[in-house]
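[1] Kindly return the folded structure for what I paste below:
(one chain, ligands or ions: 1)
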Amino acid sequence: MEMDKKYSVLFVCLGNICRSPAAQAVMQAMVDERGLSDRFYIDSAGIGGWHIGDLPDKRMRVHARPRGYELTHRARKVQAVDFEDFDLIVGMDAGNIDDLRYMAATIEQQDKVVMMGDYIRQYPNYDHVPDPYYEGSEGFELVLDLLEDACDNLLNRIIEQNKISK
Ligand code: 4NP
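    The predicted model follows:
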């Protein structure tokens with residue numbers, strides 16, 4: 001598989017059409033910018049399967065584009081095999097974390113599950129990435145602000161802990 005020998009990160013939200021495909025694009029851009037494309041495999045998936053095969057929500061794509069992110073992911077559902085394949089599984093809110101920990105087959109797999117909110121630094125009022133689906137434009141901008149902050153901190157942590165270099 002393409003992800004062999006790469007450090008692999010799976011971003012997970014509820015529908016895989018707003019938050020997690022945006023997180024995937026933000027993280028991929030940061031990895032590319034640092035010249036680490038060969039060292040990482042970044043993907044996203046949803047807890048639910050309502051939008052399987054769909055592009056990200058139009059509103060998310062419209063808000064992401066001016067920041068330089070083209071969202072081309074096709075929605076998919078989290079699979080049991082993801083817990084074997086990925087090094088790290090990052091949930092967007094407490095509900096995602098509960099669902100992911102429940103799905104994990106072993107303690108080792110449970111330990112792969114981390115909370116995106118733990119990497120938010122610049123927005124102390126947020127301990128999670130809120131679902132923008134029923135929100136207006138501000139909700140989508142907020143998601144992108146939180147993701148840009150959290151991805152930078154998360155990437156630094158991964159690089160440091162796994163001694164990843166070009
Ligand atoms: P996401 O937003 O979890 O950030 O992709 C949602 C998108 C769709 C639904 C829920 C959340 N939905 O219930 O269809």
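[2] what are the ranges of the strands in the protein?
    Using DSSP state E, the strands of the chain run over residues 7-13, 40-46, 88-91, 113-115.
[3] what residues does the last one touch?
    By C-beta atoms under 8 Å, 6 or more residues apart in numbering, the residues outside strand 113-115 that reach it are 88-91, 94, 97, 100-101, 104, 127-128. Where you see a C-beta, it was placed from the backbone N, CA and C, and this is true even at glycine.
[4] in the protein, which segments are predicted with low confidence?
    Scanning the chain for pLDDT under 70 picks out 1-4.
[5] which stretches of it form helices?
    For the chain, applying DSSP state H gives helices covering 19-33, 58-64, 82-85, 94-103, 107-110, 137-161.
[6] Among the ones you listed, single out whichever gets nearest to residue 52.
    helix 19-33 (12.8 Å; C-beta to C-beta).
[7] I'd like the distance from the closest one to the chain centre, please.
    Put simply, helix 19-33 sits 8 Å off its chain's centre (C-alpha atoms, centre = their mean, to the nearest Å).
[8] Show me what it is packed against.
    In this structure, helix 19-33 makes packing contacts with strand 7-13, strand 40-46, helix 58-64, helix 137-161, judged by 3 or more C-beta pairs under 8 Å, 6 or more residues apart in numbering; DSSP states H and E.
[9] Let me have the ones you listed in TSV, extended by mean neighbour count and distance to residue 116.
    Formatted as TSV, the helices and strands packed on helix 19-33 follow (neighbours: other C-beta atoms under 10 Å; distance: least, C-beta to C-beta, whole Å):
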stretch	mean neighbour count	distance to residue 116
strand 7-13	26	8
strand 40-46	23	12
helix 58-64	18	16
helix 137-161	18	5
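[10] and the ligand, which of these is closest to it?
    The ligand lies closest, by C-beta to the nearest ligand atom, to one member of those: strand 7-13, at 3.4 Å.
[11] quick one: is that closest one near the ligand?
    Yes: counting by C-beta under 6 Å from any ligand atom, the ligand has neighbours in strand 7-13: residue 13.
[12] Within the sheet, what are the partner strands of that strand, with directions?
    According to DSSP bridges, strand 7-13 forms sheet pairs with strand 40-46 (parallel), strand 88-91 (parallel).
[13] CSV please, covering those and showing distance to residue 29.
    CSV is the format used below for the strands paired with strand 7-13 (distance: least, C-beta to C-beta, whole Å):
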stretch, distance to residue 29
strand 40-46, 10
strand 88-91, 16
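[14] need the ones you listed in JSON lines with distance to the ligand, can you?
    Shown next, in JSON lines, are the strands paired with strand 7-13 (distance: least, C-beta to the nearest ligand atom, whole Å):
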{"stretch": "strand 40-46", "distance to the ligand": "6"}
{"stretch": "strand 88-91", "distance to the ligand": "10"}
